[in-house]
Structure formats: C-alpha cells, structure tokens
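Asker: just a sequence and a predicted model for now, questions to come.
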Amino acid sequence: DSGVTQTPKHLITATGQRVTLRCSPRSGDLSVYWYQQSLDQGLQFLIQYYNGEERAKGNILERFSAQQFPDLHSELNLSSLELGDSALYFCASSRAGSDTQYFGPGTRLTVL
Amino acid sequence: QQQVKQSPQSLIVQKGGIPIINCAYENTAFDYFPWYQQFPGKGPALLIAIRPDVSEKKEGRFTISFNKSAKQFSLHIMDSQPGDSATYFCAASINNDMRFGAGTRLTVKP
C-alpha cells in the first residue's frame, strides 16, 4: 500500500458526459501528479500540482482539468468524454525535494 | 515524442533465469531513473532507482546498470521467480517531470 488513495475504483459512463476523479496524496506529500494509462499508450503524464499550484503540464487535453485543494487532495475533471478516454487514471504523490513518486491504485474509466 | 524507449515489449523466462530489460533515453538533462513494477489491477510500485553518477545499483535480486555515455540503462532480475511476473516500466525524470517507457510484460515460468 503506497498511502495514495483514489476514488472511485471503477467508473462507467457514456460519451459526452463529465466525471471527476479524486486523489488523496500520502501524508506530508505536497506534489500530486496525474497519469493516464491506456493499452497502446503506456503511462502518459497529464499534470502536476504542488501545494495547490499547477507546476507542470504534460499531454493533457483541453477537455480535462485538475485542481489541488488546500487539504492537498486533488481532483481530475474529464468532460465531453469520448470512447478513446477509456483508460486507467493514476494519481501519484511525492515529498518536497524528492524525485520518488508513489502511485495510487488507479481509477478505471470506461466510456460507452 | 517518445523520450524513453524500452525493450523488449514482452519477455518469458524460466524460474531462476535472469531477465534483462533495457531502456534508452534522449534527454541528457534527465537526472533520476526509476524502475516501477506493476501487477494487474494495481498501480505502479517503485522497485529501484539510480542517478547518473552511479554505474550500478543493487537492491536484493534487482540490479540497475547505467551507461551514461550510451544514454542507456537496464534492469536485471537475479534468480527470477513466478511472483516476479508483472509489467516493468523504466522512467527518466528531471525536476519531477517523469517520462515512462512503454513497459515490458515479464512472465516467469515455474
């Protein structure tokens, strides 16, 4: 158990809908990262937040957005969902000054 | 743009064998190179990591070999066991910007 929690574990929705994925980092970790893992794309970095501020952006679509709240939990919002958005979404966290990222168990999103 | 190339895509070895997974990177600014292990339905878990000032690091049965001039690094698993069957990802990072390889599915046969 990495100490990173993610909810929900599974999510099934329809095209065009909007969903919110939630992540709680390990106690004391200020950085939160979001990744998308699909069968043909591997692990793709989406976005990083550090202590509430956006720190880095990867291959995140404009339909996707994220935020980190004062209690350091983070949410990833996915809107106007398409079939191709079906994937595993992972959250990871790290301590300030550390390169090591600890991953949560993931949320499996299925768009029908 | 794929910044970290990983091979092979899949690997089958017998119990006790030494699987080797290779990765190559492009950006010489990367300064942290971790390997992650992922079991089906689970998140990636950090296995071992190395920095470019070291050529080899060993933790238990897992060894990273690092060749800075060739911009390559590899994972060796000594005395592999069926329980090591998983997908392994290499990664390269700078300032927490981490880029992953495509993964290697390892099967260790009893």
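Answerer: Cool, got the structure.
Asker: first to last residue in stretch B:27-45, what's the distance?
Answerer: 24 Å (C-alpha to C-alpha, to the nearest Å).
Asker: name the residues of that stretch that are buried.
Answerer: Buried residues in stretch B:27-45, counted by 16 or more other C-beta atoms under 10 Å in any protein chain shown: B:30, B:32-38, B:43-44. (Glycine included, C-beta is placed from N, CA and C.)
Asker: just the ones of the residues you listed in strands?
Answerer: Mapping the buried residues of stretch B:27-45 onto strands (DSSP state E) picks out B:33-38.
Asker: where along chain B do the strands fall?
Answerer: B:4-7, B:10-14, B:20-25, B:33-38, B:45-50, B:56-59, B:62-67, B:72-77, B:86-94, B:97-100, B:104-109.
Asker: off-centre distance for the last one?
Answerer: Average the C-alpha atoms of strand B:104-109, do the same for its chain, and the two points are 13 Å apart (C-alpha atoms, centre = their mean, to the nearest Å).
Asker: flag the shaky bits of chain A, pLDDT-wise.
Answerer: A:40-41 (pLDDT under 70).
Asker: which residue does it have closest to chain B?
Answerer: A:Phe103 (3.7 Å; C-beta to the nearest C-beta).
Asker: quick one, what contacts that residue?
Answerer: Contact analysis of A:Phe103 by C-beta atoms under 8 Å, 6 or more residues apart in numbering or on different chains lists A:2, A:4, A:35, A:90-92, B:36, B:43-45.
Asker: for whichever residue of chain B sits closest to chain A, give me its contacts.
Answerer: Taking C-beta to the nearest C-beta, chain A has its nearest neighbour within chain B at B:Gly43, 3.7 Å off. Listed by C-beta under 8 Å, 6+ apart, the contact set of B:Gly43 reads A:2, A:4, A:90, A:92, A:103-106.
Asker: around chain B, pick out the residues from chain A.
Answerer: A:2, A:4, A:31, A:33, A:42-45, A:48, A:55-56, A:58, A:90, A:92, A:94, A:99-106 (C-beta under 8 Å from any C-beta of the partner chain).
Asker: filter those down to the ones in strands?
Answerer: Those of the residues of chain A next to chain B lying in strands (DSSP E): A:31, A:33, A:42-45, A:48, A:55-56, A:90, A:92, A:94, A:102-103.
Asker: what does chain B have sitting close to chain A?
Answerer: So far as C-beta under 8 Å from any C-beta goes, chain B lies against chain A at B:31-32, B:34, B:36, B:42-46, B:49, B:89, B:93, B:95-103.
Asker: where does pLDDT dip in chain B?
Answerer: Ranges of chain B meeting pLDDT under 70: B:1-2.
Asker: state the distance from the residue nearest to A:Cys91 when sequence neighbours are not counted to A:Ala14.
Answerer: Spatial nearest neighbour of A:Cys91, chain neighbours left out: A:Cys23 (3.3 Å); criterion: C-beta to C-beta, 6 or more residues apart in numbering or on different chains. In this view, A:Cys23 and A:Ala14 are 23 Å apart by C-beta to C-beta, to the nearest Å.
Asker: the two: who's more crowded?
Answerer: Each of A:Cys23 and A:Ala14 has its neighbours counted (other C-beta atoms under 10 Å in any protein chain shown); A:Cys23 has more, 27 against 10.
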